[in-house]
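In: Task: produce atomic coordinates for the following.
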Amino acid sequence: MRKLLLSVTLLATGASAASAAAPVPTVQEAPLRAHLQFLSSDLLEGRGTGQRGGDLTVSYLETQAMAAGLRPANGSSFRQSVKIAGVKALPAESEVGIEIGGKRQALVFGRDWVWAPGDAKAVHDMNADMLFVGYGITAPELGWDDYKGIDVRGKLLVMMVNDPMPTLGEPDRFNGKGLTYYGRWTYKFEEAARHGAAGVLLIHTDASASYGWSVVQNSWLAERFQLANADLGSGMQGWMTDATARAVFRAAGQDLDALRAAAESKDFTPVALAARVRGEAQASVRMIEQFNVAGIVPGTDPKLKDEVVIYSAHWDHLGKQGAGGDNIYNGAVDNASGSAALLAMAQEAVRAPARRSQMFLWVAAEEQGLLGSAAYAAAPLWPAAKTAANLNLDSLNWVGRTRDMSASGSERTELGAMAAATAKAMGLSVAPPKPDLSGGYFRSDHFSFAKAGIPAFSVGGGADYIKDGAAATARRKTYGEERYHQVSDEYDPSWDLSGMVQQAQFTLNLGRTVADAPKMPAWKAGDAFGRIRAGAN
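Out: Residues are numbered from 1 along each chain as shown. Model (predicted):
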């Protein structure tokens with residue numbers, strides 16, 4: 001009996017020692033830096049969607065995922081196909097315009113308005129009456145319907161972006177000062193298509209869009225991409241400047257400011273304009289195949305291993321554009337940094353698996369409208385109901401270590417408390433959430449997961465720099481002012497990557513906390529995306 005007790009004691013001691021000796025997943029700077037340097041090199045030509053550099057990037061990622069010890073997430077493959085339609089308007093070959101009283105308005109493509117097909121069809125013979133539908137929102141849970149049951153099939157809808165403004169009587173309607181998904185231009189196109197509209201023109205203002213007309217202009221003058229096998233949009237989708245809208249409404253006998261004011265009320269009804277979009281609109285259309293890359297670290301718990309935590313980052317950037325000079329948009333920060341961090345994190349996660357499984361997911365075509373993550377959400381490699389959370393990384397901290405970490409959007413779910421606890425354990429703090437004035441929560445890949453009911457947010461870098469605070473802050477600002485989406489977003493070997501490693505470590509620690517927790521995190525009561533998960537269970 002004494003021998004048996006001694007054996008049990010020795011086994012217990014051995015197990016404890018083995019547990020104590022288990023490796024702690026610690027993100028290393030050397031592999032992160034190496035991956036970052038290669039992914040942002042000229043060799044990969046800016047990792048453009050539908051370009052050679054993108055194909056090379058996918059090959060590199062799947063090879064490195066295999067080398068790190070990840071298991072293929074899609075059967076025997078690390079790849080998930082993403083079918084994409086590339087669409088580019090051909091205004092010089094088109095004869096489409098806005099007619100009022102039989103007279104065509106003198107509109108110049110790019111200067112006054114932009115458009116392209118939303119349904120990946122090369123030719124559209126437009127002949128559609130124009131209808132102003134306010135904000136173009138249908139939100140039954142808020143008692144709001146800008147369509148009021150009116151049949152808009154075959155109509156060209158004109159609408160505003162953003163949400164109805166809060167009032168003294170309803171200071172919290174549509175999230176008060178924060179933007180909801182109803183305010184995003186992507187939602188406007190989606191809702192119009194659901195109603196069968198022939199097309200949509202959004203009215204641009206710098207304030208409502210949170211960017212200038214040049215951003216719209218540059219985007220719509222180039223080739224645009226959309227999922228080829230998803231629910232497609234209307235035949236014409238586009239924008240017009242505020243000045244153009246005012247001129248069109250005035251010529252059609254309407255006061256745009258008065259209609260805008262009327263649209264702030266839930267009693268607003270659509271207003272027909274004495275105007276019509278008429279003529280042939282042409283575009284070039286091509287079909288391409290891109291790939292998400294996904295690998296798995298299987299969980300250790302017999303039951304919880306059937307659930308997964310997903311870490312994601314987009315591998316694409318803007319690729320090569322134009323000819324002559326430096327025409328490679330390397331995208332070192334955006335988002336070679338996130339892709340490199342995931343590779344470094346995966347290398348460590350394999351050494352010490354968690355109770356739940358963990359997926360490392362590099363998604364395609366984020367710069368083209370979150371297409372890769374949307375394709376994953378539409379055909380997940382792991383059931384959405386068994387996906388505990390998505391933690392996304394996009395444009396990491398290249399400046400230096402901080403005392404804090406950003407977890408904006410985590411407060412919508414129990415991930416918020418978990419993020420705070422993770423930060424505290426690392427000697428960090430989490431910055432309190434601020435009103436989401438520009439709709440940032442809806443602009444990164446985590447949003448595709450949130451739309452599927454999965455708790456998700458993008459882990460952001462901190463802002464309270466430990467070393468040379470004021471100088472570090474000024475250095476960080478130069479990226480947004482000078483290098484974001486520019487050819488100058490290039491890797492610099494002199495970068496202090498300690499902040500990038502810190503951000504990756506925080507994300508891995510948080511993911512491990514979620515992966516080892518007794519239950520999956522839940523959405524806060526009343527959250528719109530929480531209702532999606534509740535309805536799926």
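
In: ok, the nearest residue to residue 298 once chain neighbours are set aside - contacts?
Out: Nearest non-adjacent residue to residue 298, counting by C-beta to C-beta, 6 or more residues apart in numbering: residue 357, 5.3 Å away. Using the backbone N, CA and C atoms, a C-beta is placed for each residue, glycine as well. With contact set as C-beta atoms under 8 Å, 6 or more residues apart in numbering, residue 357 has these partners: 296, 297, 298, 299, 305, 306, 307, 308, 309, 382, 515.

In: what about 10 Å?
Out: Residue 357 makes contact with 71, 73, 296-301, 304-310, 382, 386-388, 515, according to C-beta atoms under 10 Å, 6 or more residues apart in numbering.

In: That one pairs with what?
Out: According to DSSP bridges, the residues that bridge with residue 357 are residue 308.

In: separation between it and residue 304?
Out: Relative to residue 304, residue 357 is positioned 8 Å away (C-beta to C-beta, to the nearest Å).

In: The helix or strand containing residue 289 pairs with which strands?
Out: According to DSSP states H and E, residue 289 maps onto strand 271-297. For strand 271-297, the paired strands and their directions (DSSP bridges) are strand 71-72 (antiparallel), strand 79-89 (antiparallel), strand 97-100 (antiparallel), strand 123-132 (antiparallel), strand 357-363 (antiparallel).

In: tell me which residues of the second one are tucked away?
Out: Neighbour-count burial for strand 79-89, counted by 16 or more other C-beta atoms under 10 Å, picks out 79, 80, 82, 84, 85, 86, 87, 88, 89.

In: Tell me which two of those sit farthest apart.
Out: 79 and 89 (31.1 Å; C-beta to C-beta).

In: returning to what we had before: what touches both of residue 357 and residue 304?
Out: 386, 388, 515.

In: can you list the weak-confidence ranges in the protein?
Out: 1-22, 231, 536-537 (pLDDT under 70).

In: domain assignment for it?
Out: 25-85+286-536, 87-285 (automatic domain parsing).

In: Out of these, indicate the one that is most buried.
Out: domain 25-85+286-536 (a mean of 20; mean count of other C-beta atoms under 10 Å).

In: Compute the distance between the spatially most central residue of the chain and residue 383, please.
Out: For the chain, the residue nearest the mean C-alpha position is residue 444 (2.2 Å; C-alpha atoms, centre = their mean). Distance of residue 444 to residue 383, computed by C-beta to C-beta: 23 Å.

In: What of residue 158?
Out: 41 Å.

In: Surely residue 458 touches residue 338?
Out: Yes. Counting by C-beta atoms under 10 Å, residue 338 is a contact partner of residue 458 at 9.1 Å.

In: Need the residues touching each of those two.
Out: Joint contacts of residue 458 and residue 338 (C-beta under 10 Å, 6+ apart) are 312, 313, 392, 393, 394, 395, 444, 445, 507.

In: Which of those fall within helices?
Out: Counted as lying in helices by DSSP state H, out of those, are residue 507.

In: So which of the shared contacts of residue 458 and residue 338 are in strands?
Out: In strands, defined here by DSSP state E, the members of those are 312, 313, 392.

In: mind putting those residues in a markdown table, distance to residue 328 included?
Out: Output for those, formatted as a markdown table (distance: C-beta to C-beta, whole Å):
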| residue | distance to residue 328 |
| --- | --- |
| 312 | 25 |
| 313 | 20 |
| 392 | 25 |
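
In: just those residues now: which is nearest residue 246?
Out: Distance to residue 246 across these (C-beta to C-beta) is lowest for residue 392, with 39.1 Å.

In: Among the shared contacts of residue 357 and residue 304, which lie within strands?
Out: Those of these lying in strands (DSSP E): residue 388.

In: Could you point out which of the shared contacts of residue 458 and residue 338 is nearest to residue 49?
Out: residue 445 (14.1 Å).

In: Surely that closest one and residue 342 touch.
Out: No. Counting by C-beta under 10 Å, residue 342 is not a contact partner of residue 445; they are 11.9 Å apart.

In: Common neighbours of those two, please.
Out: Shared contacts of residue 445 and residue 342, counting by C-beta under 10 Å, 6+ apart, come down to 312, 313, 335, 361, 392, 393.

In: Look at the nearest residue to the second one once chain neighbours are set aside and give its secondary structure.
Out: Meaning residue 313. Closest residue to residue 313 apart from its sequence neighbours, by C-beta to C-beta, 6+ apart: residue 338 at 3.3 Å. Assigned by DSSP: H, G, I helix; E, B strand; the rest coil, the conformation of residue 338 is helix.

In: And for residue 261?
Out: Taking three-state DSSP, the label given to residue 261 is helix.

In: Tell me which residues touch it, please.
Out: Contacts of residue 261 (C-beta under 10 Å, 6+ apart): 255, 268.

In: if I look at the residue lying closest to residue 502 once chain neighbours are set aside, how far off is residue 27?
Out: Leaving aside its chain neighbours, residue 502 sits nearest to residue 401 (5.4 Å; criterion: C-beta to C-beta, 6+ apart). Residue 401 sits 13 Å away from residue 27, taking C-beta to C-beta as the criterion.

In: which ones are touching residue 355?
Out: 299-305, 307, 512, 515-518.

In: Among those residues, which pair sits farthest apart?
Out: Maximum distance among these (C-beta to C-beta): 18.6 Å, for 302 and 512.

In: Might you quantify the distance of stretch 27-35 from its chain's geometric centre?
Out: 25 Å (C-alpha atoms, centre = their mean, to the nearest Å).

In: same question, stretch 84-98
Out: Offset of stretch 84-98 from its chain centre (C-alpha atoms, centre = their mean): 26 Å.

In: ok, now stretch 476-491?
Out: Worked out by C-alpha atoms, centre = their mean, stretch 476-491 lies 19 Å from the chain centre.

In: before we move on, what about stretch 371-379?
Out: 11 Å.

In: C-alpha coordinates for it, PDB please?
Out: In PDB, the C-alpha atoms belonging to stretch 371-379 read as follows (Å, rounded to 0.1, in the frame of the first residue of the first chain):
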ATOM      1  CA  LEU A 371     -13.700  40.200 -49.300                       C
ATOM      2  CA  GLY A 372     -11.600  37.300 -48.000                       C
ATOM      3  CA  SER A 373     -13.000  37.500 -44.500                       C
ATOM      4  CA  ALA A 374     -16.600  37.800 -45.900                       C
ATOM      5  CA  ALA A 375     -15.900  34.700 -48.000                       C
ATOM      6  CA  TYR A 376     -14.700  32.800 -44.900                       C
ATOM      7  CA  ALA A 377     -17.800  33.900 -42.900                       C
ATOM      8  CA  ALA A 378     -20.000  32.700 -45.800                       C
ATOM      9  CA  ALA A 379     -18.400  29.300 -45.900                       C
END
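
In: Would you state the strands of the stretch 151-300 of the chain in chain order?
Out: 156-160, 199-204, 224-227, 236-241, 271-297 (DSSP state E, counting those that start in this stretch).
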